[in-house]
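> next one to model:
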Amino acid sequence: MTTRVIAAAAVSARGRRWRSVARDGAAHDLDGGPPPRARKMMTRGALLAALGLRDLAAALDRPLHDAGFFLGVGASAGPMEDVVPMLAASIGDDGFSLARFGRAGLAACNPLLAFQLMNNFTLCHAAIQEGVGGPSGAFFSRGGGTATALVEARAAIAAGDCAVAIAGGADSALHPVTWAELVRDGFAAGGLVAGEGCALVALAADGAPGLAVVESCALHHAGDGDTARLADVARGVVAAWATARDEAAAVVIAPWGDPPRRALRAAIEAAVGRAVVIDVSTTAGDALAASPALAWVAAVDRICAGLASRVLVLGAGVDGDLGVAAFALEAS
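Sure thing, here's the model as predicted:
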(Lines give C-alpha, C1' and ligand atoms only; values in the text may rest on other atoms or scores of the structure.)
Protein backbone atom coordinates (compact mmCIF):
# COMPACT_ATOMS: atom_id res chain seq x y z
CA MET A 1 0.00 0.00 0.00
CA THR A 2 1.30 3.45 -0.93
CA THR A 3 1.15 6.13 1.76
CA ARG A 4 1.00 9.63 0.33
CA VAL A 5 1.63 13.02 1.89
CA ILE A 6 -1.43 14.96 0.75
CA ALA A 7 -0.89 18.21 2.68
CA ALA A 8 1.63 19.87 4.97
CA ALA A 9 1.87 22.80 7.35
CA ALA A 10 4.58 24.41 9.47
CA VAL A 11 5.17 27.25 11.88
CA SER A 12 8.83 28.07 12.49
CA ALA A 13 11.39 30.84 12.65
CA ARG A 14 11.00 30.91 8.88
CA GLY A 15 7.35 31.86 9.11
CA ARG A 16 3.99 30.22 8.94
CA ARG A 17 4.40 28.33 5.70
CA TRP A 18 5.82 24.90 5.12
CA ARG A 19 7.45 25.68 1.77
CA SER A 20 10.05 27.88 3.48
CA VAL A 21 11.31 25.83 6.44
CA ALA A 22 14.79 25.19 5.03
CA ARG A 23 14.88 28.13 2.62
CA ASP A 24 14.23 31.87 2.75
CA GLY A 25 11.26 32.91 4.83
CA ALA A 26 9.64 35.47 7.07
CA ALA A 27 9.02 36.14 10.74
CA HIS A 28 6.46 34.43 12.95
CA ASP A 29 2.80 35.02 12.19
CA LEU A 30 0.80 33.85 15.19
CA ASP A 31 -2.48 35.54 14.26
CA GLY A 32 -5.64 33.74 13.23
CA GLY A 33 -5.31 31.04 15.85
CA PRO A 34 -7.16 30.25 19.07
CA PRO A 35 -9.02 33.06 20.87
CA PRO A 36 -7.26 34.73 23.83
CA ARG A 37 -9.27 32.77 26.40
CA ALA A 38 -8.10 29.46 24.92
CA ARG A 39 -4.51 30.67 24.59
CA LYS A 40 -4.33 31.23 28.34
CA MET A 41 -4.39 27.46 28.88
CA MET A 42 -1.83 26.70 26.18
CA THR A 43 1.91 26.31 26.37
CA ARG A 44 3.95 27.77 23.54
CA GLY A 45 4.18 24.31 21.99
CA ALA A 46 0.41 23.87 22.19
CA LEU A 47 -0.15 27.24 20.53
CA LEU A 48 2.22 26.31 17.71
CA ALA A 49 0.42 22.97 17.29
CA ALA A 50 -2.96 24.73 17.19
CA LEU A 51 -1.75 27.15 14.52
CA GLY A 52 -0.18 24.37 12.48
CA LEU A 53 -3.27 22.18 12.61
CA ARG A 54 -5.51 25.10 11.63
CA ASP A 55 -3.36 25.72 8.57
CA LEU A 56 -3.32 22.03 7.70
CA ALA A 57 -7.12 21.81 8.02
CA ALA A 58 -7.42 24.75 5.62
CA ALA A 59 -5.09 23.04 3.15
CA LEU A 60 -7.04 19.77 3.36
CA ASP A 61 -10.38 21.58 3.04
CA ARG A 62 -12.22 18.73 4.75
CA PRO A 63 -13.62 18.06 8.23
CA LEU A 64 -11.19 16.34 10.60
CA HIS A 65 -13.79 14.54 12.72
CA ASP A 66 -12.58 11.15 11.46
CA ALA A 67 -8.89 11.99 10.98
CA GLY A 68 -6.09 10.49 13.04
CA PHE A 69 -3.62 12.77 14.85
CA PHE A 70 -0.19 11.69 16.12
CA LEU A 71 2.22 14.25 17.55
CA GLY A 72 5.71 14.35 19.04
CA VAL A 73 5.61 16.70 22.02
CA GLY A 74 8.13 18.26 24.38
CA ALA A 75 8.42 18.95 28.09
CA SER A 76 5.91 20.69 30.34
CA ALA A 77 6.19 24.46 30.10
CA GLY A 78 3.81 26.42 32.30
CA PRO A 79 4.05 30.18 32.92
CA MET A 80 6.87 31.07 35.29
CA GLU A 81 4.49 33.16 37.42
CA ASP A 82 2.68 29.92 38.20
CA VAL A 83 5.66 27.57 38.31
CA VAL A 84 7.79 29.61 40.76
CA PRO A 85 5.21 29.78 43.63
CA MET A 86 4.52 26.05 43.22
CA LEU A 87 8.22 25.22 43.51
CA ALA A 88 8.80 27.68 46.33
CA ALA A 89 6.10 26.00 48.40
CA SER A 90 7.68 22.59 47.72
CA ILE A 91 11.24 23.45 48.77
CA GLY A 92 12.46 23.47 52.37
CA ASP A 93 15.76 23.19 54.20
CA ASP A 94 16.06 19.63 52.91
CA GLY A 95 15.49 20.70 49.30
CA PHE A 96 12.58 19.70 47.08
CA SER A 97 10.10 17.31 48.69
CA LEU A 98 7.42 15.38 46.81
CA ALA A 99 5.39 15.20 50.00
CA ARG A 100 5.64 18.97 50.41
CA PHE A 101 4.82 19.39 46.71
CA GLY A 102 1.62 17.37 47.14
CA ARG A 103 0.69 19.09 50.38
CA ALA A 104 1.57 22.72 49.64
CA GLY A 105 3.01 23.09 46.14
CA LEU A 106 -0.11 22.10 44.23
CA ALA A 107 -2.23 24.32 46.45
CA ALA A 108 -0.10 27.30 45.48
CA CYS A 109 -0.87 27.12 41.77
CA ASN A 110 -3.87 27.78 39.56
CA PRO A 111 -5.77 24.51 38.88
CA LEU A 112 -5.81 25.40 35.17
CA LEU A 113 -2.01 25.02 35.17
CA ALA A 114 -2.65 21.31 34.70
CA PHE A 115 -3.62 21.98 31.09
CA GLN A 116 -0.14 23.40 30.51
CA LEU A 117 1.84 20.87 32.53
CA MET A 118 0.36 17.75 30.95
CA ASN A 119 2.43 17.01 27.84
CA ASN A 120 -0.46 15.45 25.92
CA PHE A 121 -2.33 18.77 25.91
CA THR A 122 0.08 20.00 23.24
CA LEU A 123 -1.96 17.69 21.02
CA CYS A 124 -5.29 18.00 22.83
CA HIS A 125 -5.73 21.77 22.51
CA ALA A 126 -5.19 21.62 18.75
CA ALA A 127 -7.41 18.54 18.36
CA ILE A 128 -10.26 20.15 20.31
CA GLN A 129 -9.95 23.36 18.32
CA GLU A 130 -10.25 21.58 14.97
CA GLY A 131 -12.65 18.81 16.03
CA VAL A 132 -10.28 15.90 15.41
CA GLY A 133 -12.08 12.67 16.32
CA GLY A 134 -10.01 9.80 14.95
CA PRO A 135 -7.28 7.73 16.64
CA SER A 136 -4.59 9.82 18.27
CA GLY A 137 -1.42 9.72 20.33
CA ALA A 138 1.04 12.17 21.89
CA PHE A 139 4.62 10.89 22.12
CA PHE A 140 7.15 12.56 24.40
CA SER A 141 10.23 13.19 22.32
CA ARG A 142 13.65 14.68 22.83
CA GLY A 143 14.30 14.70 19.10
CA GLY A 144 14.41 11.47 17.15
CA GLY A 145 11.45 9.95 18.99
CA THR A 146 9.08 12.14 16.97
CA ALA A 147 9.49 9.52 14.24
CA THR A 148 7.07 7.43 16.30
CA ALA A 149 4.28 9.81 15.32
CA LEU A 150 4.92 9.16 11.64
CA VAL A 151 5.19 5.41 12.22
CA GLU A 152 1.86 5.36 14.08
CA ALA A 153 0.10 7.57 11.52
CA ARG A 154 1.24 5.33 8.69
CA ALA A 155 0.13 2.24 10.65
CA ALA A 156 -3.31 3.78 11.27
CA ILE A 157 -3.73 4.30 7.52
CA ALA A 158 -2.58 0.76 6.75
CA ALA A 159 -4.96 -0.73 9.33
CA GLY A 160 -7.91 1.22 7.95
CA ASP A 161 -8.44 3.03 11.26
CA CYS A 162 -8.79 6.33 9.39
CA ALA A 163 -8.67 7.60 5.81
CA VAL A 164 -6.43 10.55 6.74
CA ALA A 165 -3.81 10.56 9.49
CA ILE A 166 -1.86 13.62 10.61
CA ALA A 167 1.67 13.28 11.97
CA GLY A 168 4.12 15.85 13.24
CA GLY A 169 5.76 17.53 16.19
CA ALA A 170 5.43 20.75 18.18
CA ASP A 171 7.82 22.12 20.79
CA SER A 172 9.75 25.14 22.03
CA ALA A 173 13.26 25.30 23.46
CA LEU A 174 12.70 28.91 24.51
CA HIS A 175 10.95 28.27 27.83
CA PRO A 176 13.26 29.22 30.75
CA VAL A 177 13.01 25.79 32.38
CA THR A 178 13.72 23.99 29.13
CA TRP A 179 16.63 26.27 28.31
CA ALA A 180 18.04 25.83 31.84
CA GLU A 181 18.01 22.06 31.25
CA LEU A 182 19.77 22.43 27.91
CA VAL A 183 22.45 24.63 29.49
CA ARG A 184 22.86 22.36 32.53
CA ASP A 185 23.25 19.25 30.37
CA GLY A 186 25.81 20.90 28.10
CA PHE A 187 23.75 21.16 24.93
CA ALA A 188 23.95 24.94 24.72
CA ALA A 189 27.75 24.73 24.99
CA GLY A 190 27.60 22.01 22.32
CA GLY A 191 26.21 24.40 19.74
CA LEU A 192 22.46 23.90 20.18
CA VAL A 193 20.62 27.04 19.08
CA ALA A 194 17.23 27.22 20.77
CA GLY A 195 14.30 27.29 18.39
CA GLU A 196 10.62 26.44 18.30
CA GLY A 197 8.07 25.31 15.81
CA CYS A 198 5.43 22.90 14.63
CA ALA A 199 5.29 20.85 11.46
CA LEU A 200 2.57 18.50 10.29
CA VAL A 201 1.98 16.20 7.35
CA ALA A 202 -1.36 14.66 6.39
CA LEU A 203 -1.19 11.10 5.07
CA ALA A 204 -3.64 9.12 2.96
CA ALA A 205 -3.56 5.85 1.07
CA ASP A 206 -5.71 6.60 -1.93
CA GLY A 207 -7.37 9.40 -3.85
CA ALA A 208 -5.64 12.06 -5.92
CA PRO A 209 -1.83 12.01 -6.16
CA GLY A 210 -0.20 13.73 -3.23
CA LEU A 211 2.86 15.89 -2.67
CA ALA A 212 5.17 12.92 -2.07
CA VAL A 213 5.22 9.27 -1.06
CA VAL A 214 6.39 7.99 2.31
CA GLU A 215 8.77 5.20 1.35
CA SER A 216 9.61 4.19 4.92
CA CYS A 217 9.83 5.43 8.49
CA ALA A 218 11.37 3.94 11.63
CA LEU A 219 12.89 4.70 15.01
CA HIS A 220 16.34 3.28 15.84
CA HIS A 221 18.04 3.30 19.23
CA ALA A 222 21.49 4.74 18.73
CA GLY A 223 23.34 4.57 22.03
CA ASP A 224 22.08 7.01 24.68
CA GLY A 225 23.87 10.07 23.36
CA ASP A 226 27.02 8.25 22.22
CA THR A 227 27.84 10.10 18.99
CA ALA A 228 30.13 7.29 17.75
CA ARG A 229 27.25 4.84 18.07
CA LEU A 230 24.92 7.38 16.44
CA ALA A 231 27.27 7.64 13.48
CA ASP A 232 27.46 3.84 13.14
CA VAL A 233 23.68 3.42 13.13
CA ALA A 234 23.15 6.35 10.79
CA ARG A 235 25.81 5.05 8.38
CA GLY A 236 24.00 1.72 8.09
CA VAL A 237 20.66 3.46 7.51
CA VAL A 238 22.06 5.78 4.85
CA ALA A 239 23.90 2.95 3.10
CA ALA A 240 20.72 0.87 2.88
CA TRP A 241 18.74 3.81 1.53
CA ALA A 242 21.46 4.73 -0.95
CA THR A 243 21.35 1.36 -2.74
CA ALA A 244 18.48 2.72 -4.81
CA ARG A 245 19.66 6.35 -4.77
CA ASP A 246 19.65 8.38 -7.97
CA GLU A 247 21.38 11.66 -8.72
CA ALA A 248 18.39 13.73 -7.62
CA ALA A 249 18.50 12.63 -3.98
CA ALA A 250 19.25 14.49 -0.76
CA VAL A 251 19.46 14.03 3.00
CA VAL A 252 17.82 16.36 5.52
CA ILE A 253 19.15 16.24 9.08
CA ALA A 254 17.73 17.48 12.39
CA PRO A 255 20.58 17.24 14.94
CA TRP A 256 20.91 18.37 18.55
CA GLY A 257 23.93 20.67 18.42
CA ASP A 258 27.37 20.22 16.91
CA PRO A 259 28.42 16.68 18.05
CA PRO A 260 25.32 14.96 16.55
CA ARG A 261 25.60 17.21 13.50
CA ARG A 262 29.17 16.07 12.88
CA ALA A 263 28.19 12.44 13.50
CA LEU A 264 25.35 12.53 10.99
CA ARG A 265 27.41 14.32 8.35
CA ALA A 266 30.25 11.82 8.80
CA ALA A 267 27.80 8.93 8.45
CA ILE A 268 26.37 10.37 5.24
CA GLU A 269 29.83 10.97 3.76
CA ALA A 270 30.98 7.47 4.70
CA ALA A 271 27.89 5.84 3.19
CA VAL A 272 27.38 7.81 -0.02
CA GLY A 273 30.33 10.16 -0.42
CA ARG A 274 29.36 13.65 -1.48
CA ALA A 275 25.66 14.33 -1.04
CA VAL A 276 23.28 17.26 -0.77
CA VAL A 277 22.75 17.71 2.98
CA ILE A 278 20.17 20.15 4.36
CA ASP A 279 20.32 20.95 8.09
CA VAL A 280 17.00 22.39 9.31
CA SER A 281 18.56 23.56 12.56
CA THR A 282 20.59 26.18 10.67
CA THR A 283 17.40 27.90 9.50
CA ALA A 284 14.75 26.97 12.07
CA GLY A 285 16.93 26.43 15.15
CA ASP A 286 16.73 23.32 17.30
CA ALA A 287 13.03 22.93 17.99
CA LEU A 288 13.47 19.68 19.96
CA ALA A 289 10.41 17.45 19.40
CA ALA A 290 9.40 19.55 16.39
CA SER A 291 12.75 19.37 14.55
CA PRO A 292 12.27 15.97 12.84
CA ALA A 293 8.83 17.03 11.61
CA LEU A 294 10.27 20.29 10.29
CA ALA A 295 12.78 18.11 8.45
CA TRP A 296 9.93 16.05 6.95
CA VAL A 297 8.26 19.11 5.45
CA ALA A 298 11.64 20.39 4.23
CA ALA A 299 12.07 17.04 2.46
CA VAL A 300 8.61 17.24 0.88
CA ASP A 301 9.29 20.86 -0.09
CA ARG A 302 12.46 19.82 -1.91
CA ILE A 303 10.57 17.14 -3.82
CA CYS A 304 7.74 19.53 -4.74
CA ALA A 305 10.27 22.12 -5.90
CA GLY A 306 11.79 19.58 -8.29
CA LEU A 307 15.13 19.65 -6.48
CA ALA A 308 15.11 15.95 -5.51
CA SER A 309 13.24 12.79 -6.39
CA ARG A 310 14.12 11.04 -3.13
CA VAL A 311 14.96 12.52 0.27
CA LEU A 312 16.08 10.79 3.46
CA VAL A 313 15.45 12.46 6.83
CA LEU A 314 17.61 11.74 9.89
CA GLY A 315 16.48 13.15 13.23
CA ALA A 316 18.85 12.70 16.18
CA GLY A 317 17.61 12.89 19.76
CA VAL A 318 19.37 13.50 23.07
CA ASP A 319 17.97 10.21 24.33
CA GLY A 320 19.94 8.26 21.72
CA ASP A 321 17.07 7.83 19.29
CA LEU A 322 17.56 8.17 15.56
CA GLY A 323 14.35 8.86 13.68
CA VAL A 324 14.43 7.95 10.00
CA ALA A 325 11.95 8.76 7.23
CA ALA A 326 12.31 8.44 3.47
CA PHE A 327 10.18 10.43 1.02
CA ALA A 328 10.01 10.16 -2.77
CA LEU A 329 8.40 11.68 -5.80
CA GLU A 330 5.30 9.70 -6.71
CA ALA A 331 5.66 7.77 -9.96
CA SER A 332 3.53 9.24 -12.72
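> name the residues of stretch 266-286 that are buried.
Neighbour counts over stretch 266-286 (16 or more other Cβ atoms under 10 Å) mark 266-268, 271-272, 275, 278-281, 283-286 as buried. Any C-beta I mention is one placed from the backbone N, CA and C, and that applies to glycine too.
> next, the distance between the ends of it.
Terminal residues of stretch 266-286 are spaced 20 Å apart (Cα to Cα, to the nearest Å).
> Val183: which of the buried residues of stretch 266-286 is nearest?
Asp286 (13.1 Å; Cβ to Cβ).
> dump the residue contacts of the closest one.
173, 192-195, 255-257 (Cβ atoms under 8 Å, 6 or more residues apart in numbering).
> assess the claim that Gln116 and Thr43 are in contact.
Yes: the criterion here is Cβ atoms under 8 Å, and Gln116 meets it with Thr43 at 4.9 Å.
> settle it for me: which of those two has more neighbours?
Each of Gln116 and Thr43 has its neighbours counted (other Cβ atoms under 10 Å); Thr43 has more, 27 against 24.
> so what's the more buried one up against?
Thr43 makes contacts with 76-78, 116, 121-122, 172, 175, as judged by Cβ under 8 Å, 6+ apart.
> among the residues you listed, which are in strands?
Within the contacts of Thr43, residues falling in strands by DSSP state E are Ser172.
> most neighbours of all the contacts of Thr43, which one?
Neighbour max across the contacts of Thr43 (other Cβ under 10 Å) = Thr122, 35 neighbours.
> how about it: what's its closest non-neighbour residue?
Using Cβ to Cβ, 6 or more residues apart in numbering and skipping residues adjacent in sequence, the residue nearest Thr122 is Val73, 4.1 Å away.
> next, give phi and psi for that neighbour.
Main-chain dihedrals, Val73, degrees, to the nearest 10: phi -130, psi 160.
> for it, list the residues it contacts.
Residues near Val73 by Cβ under 8 Å, 6+ apart: 45, 49, 119-120, 122-123, 138-141, 169-171, 289.
> and what of Val276?
Contacts of Val276 by Cβ under 8 Å, 6+ apart are 249-251, 308.
> repeat the analysis, applying 7 Å as the threshold.
Each residue near Val276 by Cβ atoms under 7 Å, 6 or more residues apart in numbering is listed here: Ala250.
> not counting its neighbours along the chain, what's nearest Leu106?
Sequence neighbours aside, Met86 is the residue nearest to Leu106 in space, at 7.0 Å (criterion: Cβ to Cβ, 6+ apart).
> may I see the buried residues of the helix or strand harbouring the one you found?
Assigned by DSSP states H and E, Met86 falls within helix 80-88. Buried residues in helix 80-88, defined by neighbour count with 16+ other Cβ under 10 Å: 82-83, 86-87.
> looking at those residues, spot the one nearest Glu181.
For the buried residues of helix 80-88, the residue nearest Glu181 by Cβ to Cβ is Val83; the value is 13.4 Å.
> distance of the closest residue in space to the closest one that isn't next to it in sequence from Val276?
Counting by Cβ to Cβ, 6+ apart, Val83 lies nearest to Val177, which is 7.0 Å off, once chain neighbours are set aside. Separation of Val177 from Val276 (Cβ to Cβ, to the nearest Å): 37 Å.
> again, but for His125
Counting by Cβ to Cβ, the gap from His125 to Val276 is 37 Å.
> any idea how far stretch 49-60 is from the chain center?
Its chain's C-alpha centre lies 15 Å from the corresponding centre of stretch 49-60 when counted by Cα atoms, centre = their mean, to the nearest Å.
> should've said stretch 95-102
33 Å.
> quick one: average pLDDT of it?
Averaging pLDDT along stretch 95-102 gives 92.
> run through who's touching that stretch.
Counting by Cβ under 7 Å, 6+ apart, 90, 92 sit against stretch 95-102.
> now the helices for the stretch 201-332 of the chain?
Secondary structure of the stretch 201-332 of the chain (DSSP state H, counting those that start in this stretch): helices located at 227-242, 258-272, 281-284, 291-304.
> most tightly packed of those helices?
Mean neighbour count (mean count of other Cβ atoms under 10 Å) peaks for helix 291-304 among those, with a mean of 30.
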